[in-house]
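> Below: sequence and its predicted model.
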Amino acid sequence: MSINDFKFKRDKMVETQIIARGIKDERVIAAMRKVPRHLFLDEALWPQAYEDYPLPIGERQTISQPYIVALMTEKLNLKGNESVLEIGTGSGYQTAILAELAEKVYSIERIASIAKRARKVLDDLKYTNIVIKIGDGTVGWSEYAPYDGIIVTAASPYVPKPLMDQLKIGGRLVIPVGGECSQDLIVYKKTGENEYEEENYGGCRFVKLIGAYGWKE
Ligand code: SAH
């Protein structure tokens, strides 16, 4: 398959999975058209890279379905000057989308081999506004806090308190909360020091968030 074939498939993905399902933010749509999702996968999976489902990335982890990436990103409401914290770097695909839309992206991944592979792909694509750290993201990353947006791309039994604390007032936390088998996608808007508004965007399914403020191993 050539570069043009992938571009064709990517545009079709955006039309049928992203726009058709109601994603409206033009910047999110442009980022989804641009970022070469297949490069975040093993070559054997390239033919499936633009299909409407998650795919394995090794270590029993997955790259999220394209629509979920678009939906979660849209809910962060990014305009371009934000600093964003991502928990669960995984393939690095969501990280790249965020890097297209915000000023700076801090991303934490607990599995070293996965973090290293993501770093390599993102370096090859010449992203210079992404910092990746290996560790437990449920405690956040206090060094660069507070954040305008925080996105958790693994299933959380409850909202990790450090993440709420590291969110700016006016900022948003997007996180799948629930049981091991299914979660609800929740968006929290921080309206005051200990005040939040909460919106539920329905069912989703992620791999487990494992850490001090998550599931135990
Ligand atoms: N957005 C990624 C999703 C990867 S799956 C993508 O689309 O590729 C979720 C990732 O979260 C896995 O790589 C898993 O190892 C990681 N993870 C789980 N618990 C974590 C924690 N406490 N801190 C950081 N990363 C974690």
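Everything's here; your move. Numbers count the residues shown, from 1 in each chain.
> list the contacts for residue 142?
162, 166 (C-beta atoms under 8 Å, 6 or more residues apart in numbering). Placement of C-beta: from N, CA and C, glycine included.
> how about the strands in the chain?
55-58, 61-63, 83-87, 104-109, 130-134, 147-152, 167-178, 183-192, 195-204 (DSSP state E).
> Now render those strands as a markdown table, adding mean neighbour count.
Shown next, in a markdown table, are these (neighbours: other C-beta atoms under 10 Å):
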| stretch | mean neighbour count |
| --- | --- |
| strand 55-58 | 16 |
| strand 61-63 | 20 |
| strand 83-87 | 26 |
| strand 104-109 | 25 |
| strand 130-134 | 17 |
| strand 147-152 | 25 |
| strand 167-178 | 20 |
| strand 183-192 | 17 |
| strand 195-204 | 12 |
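> Next, format those strands as JSON lines and append distance to the ligand.
Shown next, in JSON lines, are the strands of the chain (distance: least, C-beta to the nearest ligand atom, whole Å):
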{"stretch": "strand 55-58", "distance to the ligand": "6"}
{"stretch": "strand 61-63", "distance to the ligand": "4"}
{"stretch": "strand 83-87", "distance to the ligand": "5"}
{"stretch": "strand 104-109", "distance to the ligand": "5"}
{"stretch": "strand 130-134", "distance to the ligand": "8"}
{"stretch": "strand 147-152", "distance to the ligand": "8"}
{"stretch": "strand 167-178", "distance to the ligand": "10"}
{"stretch": "strand 183-192", "distance to the ligand": "12"}
{"stretch": "strand 195-204", "distance to the ligand": "12"}
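> can I get the ones you listed in JSON lines with mean pLDDT and distance to residue 36?
Formatted as JSON lines, the strands of the chain follow (pLDDT from 0 to 100; distance: least, C-beta to C-beta, whole Å):
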{"stretch": "strand 55-58", "mean pLDDT": "97", "distance to residue 36": "15"}
{"stretch": "strand 61-63", "mean pLDDT": "96", "distance to residue 36": "13"}
{"stretch": "strand 83-87", "mean pLDDT": "98", "distance to residue 36": "19"}
{"stretch": "strand 104-109", "mean pLDDT": "98", "distance to residue 36": "17"}
{"stretch": "strand 130-134", "mean pLDDT": "98", "distance to residue 36": "16"}
{"stretch": "strand 147-152", "mean pLDDT": "98", "distance to residue 36": "21"}
{"stretch": "strand 167-178", "mean pLDDT": "98", "distance to residue 36": "24"}
{"stretch": "strand 183-192", "mean pLDDT": "98", "distance to residue 36": "25"}
{"stretch": "strand 195-204", "mean pLDDT": "96", "distance to residue 36": "24"}
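> For the protein, which residues are neighbours of the ligand?
57, 61-64, 87-88, 90-91, 93-94, 108-111, 114, 136-138, 153-154, 207, 209-211, 214 (C-beta under 6 Å from any ligand atom).
> and those, which of them are in helices?
93, 94, 114 (DSSP state H).
> how many neighbours does the last one have?
To tie it back to what came earlier, the one meant is residue 114. By other C-beta atoms under 10 Å, 20 other residues sit near residue 114.
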